[in-house]
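[1] Here's my sequence, what's the structure:
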Amino acid sequence: MADYPDNLPPDNQGSKDNNAPAKKVDPDRLRESMSRLMDIYSDISNTAATPGQTRCPYKDAKSRCTAKFPCRNQFFKVVGEKAICTGSDDIDYRSAWES
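    Modelled structure (predicted):
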């Protein structure tokens, strides 16, 4: 890297304040960008929430049981390791925590 005053890149040579915006922000463009990001994050959230509604809440990503209590769907293959969850992902568990 070339030597710049105070190790600042060339576009910031005249300014010591790195928090100052380089350009004026267009409020309409910012609003549009934020709306687009919100749509993206909403889609991600909805996609992630859907499997959680029909999957045992104690089953981890590797199909291991994290419950601290006995369950009929626990299968212990190796003593001392987490049990393998043999429960169906087709069961709707929502009624267990909805009132």
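
[2] Buried residues, stretch 80-93. List them.
    For stretch 80-93, burial by neighbour count (16 or more other C-beta atoms under 10 Å) applies to 82, 83, 84, 85, 87, 93. Every residue, glycine included, has its C-beta placed from N, CA and C.

[3] what's the closest of those residues to residue 33?
    residue 93 (37.5 Å; C-beta to C-beta).

[4] re the thing from before, can you list the buried residues of stretch 80-93 in a markdown table and add secondary structure, distance to residue 66 and pLDDT?
    Formatted as a markdown table, those follow (DSSP: H, G, I helix; E, B strand; the rest coil; distance: C-beta to C-beta, whole Å; pLDDT from 0 to 100):
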| residue | secondary structure | distance to residue 66 | pLDDT |
| --- | --- | --- | --- |
| 82 | coil | 7 | 88 |
| 83 | coil | 9 | 89 |
| 84 | strand | 12 | 89 |
| 85 | strand | 9 | 87 |
| 87 | coil | 12 | 79 |
| 93 | coil | 14 | 61 |
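
[5] how about CSV for the residues you listed, with distance to residue 39 added?
    As requested, the buried residues of stretch 80-93 are exported to CSV (distance: C-beta to C-beta, whole Å):
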residue, distance to residue 39
82, 37
83, 40
84, 38
85, 34
87, 34
93, 29
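
[6] Between those, which sits nearest residue 72?
    For the buried residues of stretch 80-93, the nearest to residue 72 is residue 87 (8.4 Å; C-beta to C-beta).

[7] Now do the contacts for that closest one.
    Applying C-beta atoms under 8 Å, 6 or more residues apart in numbering to residue 87 gives the contacts 56, 59, 71, 73.

[8] Against residue 64, how distant is the last one?
    Read that as residue 73. 12 Å (C-beta to C-beta, to the nearest Å).

[9] what's the answer for the first one, then?
    Here the distance between residue 56 and residue 64 works out to 11 Å (C-beta to C-beta).

[10] ok, of the contacts of residue 87, which come out buried?
    Buried subset of the contacts of residue 87 (neighbour count, 16+ other C-beta under 10 Å): 56, 59, 73.
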